[in-house]
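**Student:** how does the following fold in three dimensions:
(chains A, B, C and D, ligands or ions: 2)
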Amino acid sequence: MTEVDAGLARQFGLNEEEYARVLSIMGRTPTLAELGVFSVMWSEHCSYKSSRTYLRQLPTKAPWVVHGPGENAGVVEIGHGLACVFKMESHNHPSFIEPYQGAATGIGGILRDVFTMGARPIANLNALRFGDPKHPATKRIVDGVVRGIGGYGNCVGVPTVGGEINFHPAFNGNPLVNAMTVGIAPIDRIFLSAAAGVGNPVVYVGSKTGRDGIHGATMASAEFGRDAEEKRPTVQVGDPFTEKLLIEACLELMATDAIVAIQDMGAAGLTSSSVEMAGKGGVGIALDLDAVPQRETGMTAYEMLLSESQERMLMVLRPDREAAARAIFEKWQLDFAVIGRITDTGRFVAHHRGVTEADIPLAPLADQAPLYQRPTVEAAKPAELLAARVENRWGLADALERLLGCPDLCSRAWVWEQYDSTIGGQTVKRPGAADAAVVRIEGQAMALALTTDCTPRYCAADAEAGGRQAVAEAWRNLTATGARPLAVTDNLNFGNPEKPEVMGSFAAAIRGMASACEALNFPVVSGNVSLYNETEGRAILPTPAIGGVGVIDDAARAVGIALGPWLDLVLVGTTKGWLGQSLWLREMAGREEGAPPPVDLAAERAVGDFVRAQILAGSVRACHDVADGGLLVAVAEMAMAGDVGVRLSTGPREIPGHAYWFGEDQGRYLLAVADSGALVRTAEAAGIAALRIGHSGGADLTLPDGGTISVARLRAAHAAFFPAFMGS
Amino acid sequence: MKPGIVLFPGINRERDMAIALERAFGRKPRMVWHTETELGDLDLLVLPGGFSYGDYLRCGAMAAQSPVMGAVRAHAARGGYVLGVCNGFQILTEAGLLPGALLRNAGLRFISADCHLLVERADTVFTAQYQRGAVFRAPMAHGDGNYFADAATLDRLEGEALVAFRYATPGGEITPEANRNGSARSIAGLLSPNLRVLGLMPHPEDLVDPLLGGTDGAPLFAALASAALASAA
Amino acid sequence: MKAVVTVMLKDGVLDPQGKAIGQALTGLGFAGVGEVRAGKVIELDLAETDPARARASAEAMAKRLLANTVIESYRIALEPA
Amino acid sequence: MKAVVTVMLKDGVLDPQGKAIGQALTGLGFAGVGEVRAGKVIELDLAETDPARARASAEAMAKRLLANTVIESYRIALEPA
Ligand SMILES: Nc1ncnc2c1ncn2[C@@H]1O[C@H](COP(=O)(O)OP(=O)(O)O)[C@@H](O)[C@H]1O
Ligand SMILES: [Mg+2]
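**Tutor:** Ligands and ions are numbered 1, 2, ... in the order given. The predicted structure follows:
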C-alpha cells in the first residue's frame, strides 16, 4: 500500500500549504484515493486557482444570456423558443504527445460539454496554432491534428464549419488545439448538473472505464510495484462511434422527464463529475465502485476515480424512470449502470470491495480550494511604428503575391477539405465562403454565424490591445455576414502562471477582452483556461482565442466574401496605414515590431452596426472585413472567391502606398455594391468614413502603382503552401 | 411509392436524406431501425450516409450483416427500389447487392468538396429528370470512395450500361483530376441489372436547396417522387 | 485458443497505403525497400480449445465478416491462449 | 528477405475497432468469442538477405514510421522472400 505523505502529495501536484489544508479538512491522513481526489480537484485545470480572480472581470450578462460561465457550456436565447449552447476547450498537451488522438479526444470532450446540456451539436470549429513549418515536428503534428479533428468530427456527423490556423516558432514544442462546439436546444429543456433528491440513483452511461490518462502522478510514484507497467497512464483513444451513440441515446432520454441532473465525465472523470454534481446540488453522493463498468481487470478505486476514459456520462435519475432509461441505453448498445445514490451527508463517499476508499466533506473541498493572486509584471507597451520609417522596396503585385502565399495567409482548403462541412444539410456558408460560417437551424429561417479569432502576434506585442482586438475581430467577422453578435466563448492559452510576465500578459489580455465585450455588448458565457504552455521553458505567444456566435433572422440575407462582376468596392472605416506588427512588415521587411493596431471600440461599434444595417437592407452583394494582410489582401481574397478581377483607384496621397494597402488598421470592411454613390452618401450622413476604392470585372487585379496581376496567378500562389508543405 | 430510411448505428446523414425526401414526396419518410425485419408497404428503401459501426474493420461491413439487410435483399429481389448513398453504397456492395468494393481514397485522405457528376443514363427511375450527358454538382464527403472491381466485372458493367454517374469536370470531360478518389473508370454511381438499385458516393441530398448553394441534387428525388405518383395512379 | 486472422488486399488490388509507406521509408533513407503491402490483423481470444474447431470457426468468421473476399485474402494462425 | 511487421495497440489502450468487431461477431452468433484486438500488418520486401540485418532495419523502420510507439507496440517476423 502506498504511503501517503507530503512527499507523495508533491508528486501529485499539491504543495506543502495545500497538503496541510487537506490534512486539516480531513482531520487525518487521506487515503491514496482521497489524495487523488484533492489533487485533481485542486489542479489548475479544475480549480482555476491562478485565473479565477481575473475571470471575474469578464462581462457575462445580457438580456439574451440564459446561462453564463459555471455550467458545462454557455447558453443564449436565439428566439423561436430555441437556445444556442456553446463552448470552446483546449487539448494542447495531448495533441503534442499524440496529435491524432489528442485532437480527436478534444473534439469528443467539447461535444459532450454541449450535449450534456440537452443540445444537439450542429457545428464544430477549431482554432489551431502550430510551430514553424520549417521545424521538423510541425508537419507530423499538423497532419495528425487535422486527421484527428476530421476523423472524430466526420464520424459523429457534426459539420466542421470554421476555425483558424497560425504558424509561429513559439508553438514548436507546444501546439494549440482549441475546439469549439455549438448546439441547439429548446430553451425550456436545458439540463444542468446540480444533483438533487436524496436516494436518487447515480447512473453511469457510455464506454467502460480503463486506465486511460490517469493522473500523471501515478507514473511518477514508483511504489506501485510489480505491475507498474500496466498502471502507467495511457494515452486516451477516442471512439467517435460510441460518442455518436451516446449523443443519440442522451438526446432520446432528454426528451423524457427521467433526468434530474447530468454531467459529462471530462477531466478527472468520475471524480470531478460526481463532486461537481453533488457540490452544486448541496447534497452528498455515495459511489459503489464495484458497479462501475470496467474495461480492465484489477482496477483500484484510485484508478477508477481518476481515469479519463472517454465517451462517459454521469446522470442522476428519477428512481421511477430507471427502467425506461436503461431500455434506451441498451437499445443503443451502451453500458448503463447504477453506481451510487444521492445522500444528505454533504460528503463524497466511494466504496470498493467492501472498503471505504474515500470519504470527503464536499463543502470545504470546494470552498477551501486554493486561489492564488500570482505576482504579475506587465511588459512595457511598444511604441507605434511610423509608416514613414519603413522603407518599401516592393511593388504592390509582388508583395501581394508573396503575402497570399505565406503560411498565415494562404488558402486553408487543404485542411477544411478533410472536414465534412455540409453534413446536416444546413451549412449556408461553408469554410472560405464568408468571414463567419453560417449554419441554418433545421426547420427555421434563421441561422447562426460562427467564428473563432485571435492574433497571437498582436497579443505578444501588447496583450491588452491583443485581447481587445481578438474580441473585436470576432464581433466584426459575425457582423460581416449580416449577423447580430450575441456572445463569446474563450480559450485562454498562456504559459507558466508562476512567471510574473506570463501572469502579467494574462491579466492584461483579460482587461482588453473585458473592455471590448463591454463596449460591444458581447458577453462571455463560457470558456476554458490552458496554462503551462511552454516550449523548452519559453512560453507560447499569449493566445486568448475567442469563439463568437451571432444570429441572423433570415439566413437568405447572409452575405459572403465572393465578389461578383461589375460591382463597386467600398471601404468602410478609417485607414491610417498601421504597419506595426503587420504581416507585410514580417513577411516582406522581416521585422516583427511596433505596437499592434489599436481598436477604437466606439468606432468599431458604429461602423459595424452601419455595415450590418446595409447588409440587412439587401443592398450589399458581398462583404469582407479587412484583417491580416490589410486592404489589398482583403480585396484579393474577395476577387479569388468570386473569380473576378478588380481595377483599384489610387489611395490618399498623404499615406505611403505600402502602408495604405498593407496596413492592418482595425474596424474596417469592404462592401461590394451596385451603386457606391448611395452607400457613400448614407455613410457620410451617419458620420462613417466610406470610400469607393475600385470596381470589379475582367480577370486581373489592376493596381494603382501601375502593376497588374491575374486572379488566376493569385489563386495559384494562395493554394500552393499546404499541398507543398504536407506533400499531397 | 412510400420511402423509408434504414438506420444503422453510426449512420449520420439520415436527417439530410429525410429533408430531401420530404421536399420531393411532400411527406416524411418512415425511419426503419436496423433490427426490423418487416418493412410493410415501403417501396423505396434508402440507405443513407454516415459511419455505420464507426466504419470500423471495413466501411459498411458490419451494417451489411444486420437483420434488416435480409429484408432489404428480399425487397430488392422482389424488384423493389433501393438507393444507397455514400456509406449506403458501401453497405450495398458489402451486402453483394451491387458488385465491387469501395477502397480508401487514392490520396489516403478524407475528401469533403463538391464534385461534378456526368449522367450516363437518364432512363432509370432515379435519373429520369436528368438529361443523358448532363453534368450536375454534388458534395462528396468520404474517406473510402475509391470504387474497385476486377476488369471483367468493370467490362460487364460497361457492357450492360450499369454505370449511372461518373466523376467529371464541370464541362463533362472524364479526367484523372476530376476523379479525386481514384475510382476505377471514374465510377461514382452504379445500377443493378434491373435498374432498381442505385448506389453512389456523393450526396445529392445535400444540394436540394438554393440557399445551400444549389438544387443540382433535387431532380434525383423529384424523379423518384413522380415515379411514386405514377405507381400510385 | 487465440486465432490471428491476417487480411491482405489481393494481388491486383491497388494498395495506395502500402505504396505510400514504401515511398515514405525510402524518403527516410531506408535502402533496398521493395514492394510494401499494408493489411489488417485481427486477434481473437476463442473459448474453443480444440485447434481444428478453433480454426474452422475463425475461418467462418473471416468469410462472414473479417475479410471481403472481393478484394481481400486472409490467412489464419492459431496460438495457445 | 520479407519482413512482416505487426502493429497492435498496447495493452490497456482502448481498441474501439476490436471492441466493435467482437460485438459484431457475437451478434452474428459466433459463440465463445472473448477479447478481440485489431491491428495493422505491413509486409516489406527487403533487398537485404542477412536475417540479422534485415530484422535490424525492419526494427528501425517500425520505430521510425510503421508504429506509433506512444500507443502501439510491434513485432517482426522474417520470411525468406
Ligand atoms: N476563460 C474563461 N472564460 C469564461 N468562462 C470560463 C473560462 N474558463 C472556464 N470557464 C468556465 O468555467 C467552467 C469550468 O470550465 P471547465 O473546467 O472547462 O468545464 P468542463 O470541466 O465542463 O470542461 C465552465 O462553465 C467554463 O465555461
Ligand atoms: Mg463538462
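
**Student:** pull out the buried residues from stretch C:49-60.
**Tutor:** Neighbour-count burial for stretch C:49-60, with 16 or more other CB atoms under 10 Å in any protein chain shown as criterion, is recorded at C:Ala54, C:Arg55, C:Ser57, C:Ala58. For the C-beta atoms, the positions are set from N, CA and C on the backbone; glycine is no exception.

**Student:** same question for stretch B:119-139.
**Tutor:** Of the residues in stretch B:119-139, those buried (16+ other CB under 10 Å) are B:119-122, B:124-130, B:135-139.

**Student:** can you show me the helices along chain C?
**Tutor:** Ranges of helices within chain C are C:16-27, C:51-61, based on DSSP state H.

**Student:** for ligand 2, what are the nearby residues on chain A?
**Tutor:** A:Asn72, A:Asp113, A:Asp264, A:Gly266 (CB under 5 Å from the ion).

**Student:** neighbour-wise, which of those residues leads?
**Tutor:** A:Asp264 (28 neighbours; other CB atoms under 10 Å in any protein chain shown).

**Student:** thinking again about what came up before, reformat the helices of chain C as CSV; add mean pLDDT and distance to A:Gly206.
**Tutor:** Output for the helices of chain C, formatted as CSV (pLDDT from 0 to 100; distance: least, CB to CB, whole Å):
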stretch, mean pLDDT, distance to A:Gly206
helix C:16-27, 93, 32
helix C:51-61, 97, 27
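
**Student:** mind putting the ones you listed in JSON lines, distance to B:Phe221 included?
**Tutor:** Below are these laid out as JSON lines (distance: least, CB to CB, whole Å):
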{"stretch": "helix C:16-27", "distance to B:Phe221": "34"}
{"stretch": "helix C:51-61", "distance to B:Phe221": "39"}
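
**Student:** dump these into a markdown table; add distance to ligand 1 as well.
**Tutor:** Rendered in a markdown table, the data for those read as follows (distance: least, CB to the nearest ligand atom, whole Å):
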| stretch | distance to ligand 1 |
| --- | --- |
| helix C:16-27 | 36 |
| helix C:51-61 | 41 |
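
**Student:** wait, doesn't A:Gly108 sit right on A:Pro240?
**Tutor:** Yes. Taking contacts as CB atoms under 8 Å, A:Gly108 lies within contact range of A:Pro240: 6.8 Å.

**Student:** residues that sit against both of those two, list them.
**Tutor:** A:Tyr152, A:Val156 (CB atoms under 8 Å, 6 or more residues apart in numbering or on different chains).

**Student:** which stretch among the helices of chain C comes nearest B:Gly10?
**Tutor:** helix C:51-61 (21.0 Å; CB to CB).

**Student:** correct me if wrong: A:Gly346 contacts A:Leu365.
**Tutor:** No. Using CB under 8 Å, A:Gly346 makes no contact with A:Leu365, being 10.3 Å away.

**Student:** in terms of neighbours, single out the busier of these two.
**Tutor:** Applying other CB under 10 Å to A:Gly346 and A:Leu365 shows that A:Leu365 carries more neighbours, namely 22 against 15.

**Student:** which other residues reach the helix or strand containing that one?
**Tutor:** Per DSSP states H and E: A:Leu365 is located in helix A:362-367. Residues outside helix A:362-367 that contact it (CB under 8 Å, 6+ apart): A:Ile25, A:Val37, A:Phe38, A:Met41, A:Val275, A:Ala278, A:Gly279, A:Gly284, A:Gly346, A:Arg347, A:Phe348.

**Student:** got a list of what the second one touches?
**Tutor:** The one in question is A:Val37. A:Val37 sits in contact with A:Thr271, A:Val275, A:Leu305, A:Phe348, A:Ala358, A:Ile360, A:Leu365, where contact means CB under 8 Å, 6+ apart.

**Student:** contacts only, for A:Gln294.
**Tutor:** So A:Gln294 contacts A:Lys208, A:Thr209, A:Gly210, A:Met304 (CB under 8 Å, 6+ apart).

**Student:** near chain A, anything from the longest strand seen in chain C?
**Tutor:** Counting by DSSP state E, the longest strand found in chain C is strand C:33-46. No. Against chain A, strand C:33-46 shows no contacts by CB under 8 Å from any CB of the partner chain, the least distance being 13.5 Å.

**Student:** and if you look at stretch C:65-81?
**Tutor:** No. For stretch C:65-81, no contact with chain A is found by CB under 8 Å from any CB; the gap never falls below 15.3 Å.
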